[in-house]
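# show me how the following folds:
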Amino acid sequence: MKLSQKLVLQCKEKLLEAKMDILNRFRDGKEQIMADDRGGDEADQTMRIIAEGEYLTQQERLRERLVEIEAALSRIDKGLYGICEETEELIEPERLLAIPWTRLSIEGAELREAVSKRYAR
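Have a look, this model is predicted:
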């Protein structure tokens, strides 16, 4: 029970591309925030504060995705890539190609969601 080497290499390439994209977005976002003029009236300052809040939210999401990508790359290096954390079965190849950093198969994701719903009450 193992993924094909071709699939793993395709996913690794997608992961590295996604990682580079995120790092570029970090850099571009930082440059944009740093370049914003600090002057203006209260309305301008309010809009800048809102934009900074959105920027920080976006940066947090990107950071979380980067952590997932790094974890997936680590699983590839360890030979554990593509194994569902919930069911310990292989994750569907189509799912890995669509979301190469995923840790769960469709069945595993459904199980985890059912458990979280049960305990969320």
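# count of neighbours near Leu9?
11 (other Cβ atoms under 10 Å). Backbone N, C-alpha and C define where each C-beta goes, glycine included.
# these two touch, right, Cys84 and Leu104?
Yes: at 5.4 Å, Cys84 counts as touching Leu104 under the criterion of Cβ atoms under 8 Å.
# which residues are common contacts for those two?
Ile91 (Cβ atoms under 8 Å, 6 or more residues apart in numbering).
# more neighbours, these two?
Cys84 (21 against 18).
# who touches that one in this structure?
By Cβ under 8 Å, 6+ apart, the contact set of Cys84 is 90-91, 103-105, 107-108.
# narrow those residues to those in helices?
Under the assignment DSSP state H, the contacts of Cys84 contribute 107-108 to helices.
# taking the contacts of Cys84, please make a ChimeraX selection of just the buried ones.
Selection of buried members from these for ChimeraX, criterion 16 or more other Cβ atoms under 10 Å:
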select :91,103,104,105,108
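# looking at the contacts of Cys84, which is nearest Lys2?
Leu90 (7.8 Å; Cβ to Cβ).
# surely the closest one is in contact with Ser4?
No: using Cβ under 8 Å, Leu90 is not in contact with Ser4, being 10.6 Å away.
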